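A.B. asks: Would you be able to build a 3D model of this:
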Amino acid sequence: MQLPCDHKRTVVLARRDGVDYVECLDCRQIFEAEDLEPAVAESDEE
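C.D. replies: Below you'll find the predicted structure:
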């Protein structure tokens, strides 16, 4: 059974229309860089 990759080692392949495309050097998967960024929780502070 293969363990899921954390995509810690990446390289930018291209940038198009403000979107960076990266490749994981461990599993060779290609995806948008924003998919790696942790989601920011929005708060309802007023």
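
A.B. asks: I figured Glu32 hits Asp17, correct?
C.D. replies: No - using Cβ atoms under 8 Å as the test, Glu32 is too far from Asp17 to be in contact (11.0 Å). Using the backbone N, CA and C atoms, a C-beta is placed for each residue, glycine as well.

A.B. asks: quick one, which of those two is more surrounded?
C.D. replies: Glu32 (11 against 4; other Cβ atoms under 10 Å).

A.B. asks: so what's the most centrally placed residue in the chain up against?
C.D. replies: The chain has Leu36 as the residue nearest its centroid, 2.5 Å off, counting by Cα atoms, centre = their mean. When contacts are counted by Cβ atoms under 8 Å, 6 or more residues apart in numbering, Leu36 touches His7, Thr10, Val22.

A.B. asks: Now secondary structure too, for those, in JSON lines please.
C.D. replies: Below are those laid out as JSON lines (DSSP: H, G, I helix; E, B strand; the rest coil):
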{"residue": "His7", "secondary structure": "coil"}
{"residue": "Thr10", "secondary structure": "strand"}
{"residue": "Val22", "secondary structure": "strand"}
